[in-house]
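A.B. asks: Fold the following and give me the result.
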Amino acid sequence: MNKELLAAAVALAAAASSLSGCNNTALAQSPPTTPVFTLSSPDLTGNSFTTKFILNGFGCTGQNVSPALVWSNVPAGTKSFALQVHDPDAPTGAGFWHWGLYDIPPGVTSLAQGAANNASTLPAGSYGGNTDFFDTGATGGNGLYGGPCPPAGDPPHRYNFTLYALSVDHVDVAAGIPRSGTAGLFSFALNKGIGTALIGKATFTATYGR
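C.D. replies: Alright, predicted model coming up:
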């Protein structure tokens with residue numbers, strides 16, 4: 001009987017050792033974690049807007065300065081970035097587009113405060129796209145940043161900042177659309193039209209109400 005118990009104990013120990021070895025091998029062979037592509041703004045503390053970044057027009061009295069943005073862990077193979085800011089809560093049936101910036105060079109990892117208030121201070125090679133402030137004069141010119149200005153009394157609106165990492169140099173060429181296309185057209189091109197040329201997306205949401 002003792003011999004049988006001893007044999008069983010030896011067999012269990014061997015099995016446990018084998019399983020432990022398998023687990024260690026599996027852990028050793030696990031692929032490294034890919035860093036997460038992230039986007040944030042040091043100016044939008046708590047992901048909310050202060051007066052400096054609010055529109056100056058349509059009943060709002062902000063300074064309409066474009067907030068600084070920073071991003072990190074850029075996906076391998078990125079050849080350009082595209083940035084869009086959209087308010088899905090605007091009472092239009094389709095939201096409201098506040099900012100579009102395309103063909104940002106792959107070596108750029110930040111936008112300085114105020115960079116999108118004048119075409120001359122945008123990253124070299126990039127261009128501002130049309131927004132829903134087109135030809136209103138509220139942003140100082142077409143293709144520039146337009147800050148929040150939701151209807152008074154509305155619950156705070158959400159402003160979705162999205163940075164796209166692309167494996168193409170020029171999104172308009174890859175998608176076959178004009179540079180003068182609407183922000184909605186560019187959004188479709190970025191999210192669907194260019195297919196696998198979209199290799200990464202980073203986003204955050206800031207809020208504002210009045």
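A.B. asks: which stretches of the chain form strands?
C.D. replies: Remark: strands assigned in the chain by DSSP state E are 38-40, 56-57, 60-61, 69-72, 80-87, 96-104, 110-111, 127-128, 157-166, 198-208.
A.B. asks: which neighbours does the second one have in its sheet, and in what orientation?
C.D. replies: So the one you mean is strand 56-57. strand 60-61 (antiparallel) (DSSP bridges).
A.B. asks: so how far is the strand it pairs with off the chain centroid?
C.D. replies: Its chain's average C-alpha position is 27 Å from that of strand 60-61, according to Cα atoms, centre = their mean, to the nearest Å.
A.B. asks: all helices for this protein, in order.
C.D. replies: Under the criterion DSSP state H, helices of the chain are mapped to 2-29, 171-175, 183-188.
A.B. asks: Which of those comes out lowest on mean pLDDT?
C.D. replies: Lowest mean pLDDT of the helices of the chain: helix 2-29, a mean of 52.
A.B. asks: which one is Ile104 nearest to, not counting chain neighbours?
C.D. replies: Using Cβ to Cβ, 6 or more residues apart in numbering and skipping the chain neighbours, the partner closest in space to Ile104 is Phe81 (3.9 Å). No exception for glycine: its C-beta is placed from N, CA and C like everyone else's.
A.B. asks: wait, what's in contact with the one you found?
C.D. replies: Residues in contact with Phe81, defined by Cβ atoms under 8 Å, 6 or more residues apart in numbering, are Trp71, Ile104, Pro105, Pro106, Val108, Leu163, Tyr164, Ala165, Leu166.
A.B. asks: same deal with Leu166?
C.D. replies: Neighbours of Leu166 in contact, by Cβ under 8 Å, 6+ apart: Thr78, Lys79, Ser80, Phe81, Ala82, Ala174, Leu190, Ile194, Ala197, Leu198, Ile199.
A.B. asks: 10 Å instead?
C.D. replies: Contact analysis of Leu166 by Cβ atoms under 10 Å, 6 or more residues apart in numbering lists 75, 77-82, 102-104, 106, 174, 190, 194, 197-200.
A.B. asks: Next, the buried residues of stretch 60-68.
C.D. replies: Cys60, Gly62, Asn64, Val65, Ser66, Pro67, Ala68 (16 or more other Cβ atoms under 10 Å).
A.B. asks: Starting from Thr203, give me the distance back to the third one.
C.D. replies: In this case it means Asn64. 22 Å (Cβ to Cβ, to the nearest Å).
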